[in-house]
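S.K.: Pasting a predicted model and its sequence here:
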Amino acid sequence: MTPPGRVFLIAALLIALAFGAHDPAIAALEPGSSVRPHSSENDAAWRWPLDGPRTVTAPYRAPAHAYGAGHRGIDIAGVPGQKVRAPADGVVAFRGTVVDRPLLTIDHGAGYVSTFEPLASPLNPGDTVVAGDIVGVVAQGGHSVVGTLHVGVRLDRVYINPLLLFGAPARAVLLPCCDGS
């Protein structure tokens, strides 16, 4: 890249940061962004990890900077012991307890890594999973309300909004309520 190109790139980055475009999930939607959402024409949407309705109890909140406050994932409603499914094909990268919560991390390739907590799992690092496979059950521990599952996703080591990957929820269909009279 030529020096003027670098200057332009640095200036554009500073302007974006000044106006709050520090959220990689937002940046992923910008044309020409190096951060890419998973939903390109060649990629299928990820599978929702819990059966039942898609209820987000705590949304993704990007931090202002790498060490800033935020919520680097989403919390979704479930119940203790509920089965959790792999959202996409991958390889288990980590299973263990961090601080006070059991978690599982799956490397999906192409820079995507997902983490689920609290999650009790029989899987071990190196185990291969296919989208829809049961990877464990909702456990207890951590910052979330009992029964919720925290789902975090990193793309090239940067946290992104997991909802970018799961595609749109099923549309509601309104049915007639009356006999038409």
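M.R.: Structure's in. What do you need? Numbers count the residues shown, from 1 in each chain.
S.K.: so what's the backbone phi/psi at Leu164?
M.R.: Taking degrees, to the nearest 10, you get phi -60, psi -20 for the backbone angles of Leu164.
S.K.: Helix, strand or coil: sort out Leu163 for me.
M.R.: helix (DSSP: H, G, I helix; E, B strand; the rest coil).
S.K.: Which stretches in this structure count as strands?
M.R.: Counting by DSSP state E, the chain has strands at residues 56-58, 74-77, 83-85, 90-98, 101-109, 112-117, 119-120, 128-129, 134-138, 148-155, 158-160.
S.K.: Which of the ones you listed sits closest to Pro169?
M.R.: Of all the strands of the chain, the one in closest proximity to Pro169, counting by CB to CB, is strand 56-58 (10.1 Å). Any C-beta I mention is one placed from the backbone N, CA and C, and that applies to glycine too.
S.K.: for the closest one, packing partners?
M.R.: If you count contacts as 3 or more CB pairs under 8 Å, 6 or more residues apart in numbering; DSSP states H and E, strand 56-58 packs onto strand 74-77.
S.K.: Leaving out the residues flanking it, which one is nearest to Ile134?
M.R.: Leaving out its chain neighbours, the residue that sits closest to Ile134 by CB to CB, 6 or more residues apart in numbering is Lys83, at 4.9 Å.
S.K.: For that neighbour, grab the count of nearby residues.
M.R.: Using other CB atoms under 10 Å, Lys83 is surrounded by 13 other residues.
S.K.: who touches it in this structure?
M.R.: Shown in contact with Lys83 (CB atoms under 8 Å, 6 or more residues apart in numbering): Leu50, Asp51, Ile134, Gly136, Val137.
S.K.: Can you list the low-confidence ranges for this structure?
M.R.: The chain contains residues with pLDDT under 70 at 1-44, 170, 179-181.
S.K.: if you set the cut-off to 90 instead, what comes out?
M.R.: For the chain, applying pLDDT under 90 flags the ranges 1-45, 63-67, 70, 100, 141-145, 167-181.
S.K.: Centroid-nearest residue for this structure?
M.R.: When CA atoms, centre = their mean is applied to the chain, the residue found nearest the centroid is Pro162 (2.4 Å).
S.K.: Any figure for the gap between that one and Ile76?
M.R.: Look at Pro162 and Ile76: by CB to CB, to the nearest Å, they are 9 Å apart.
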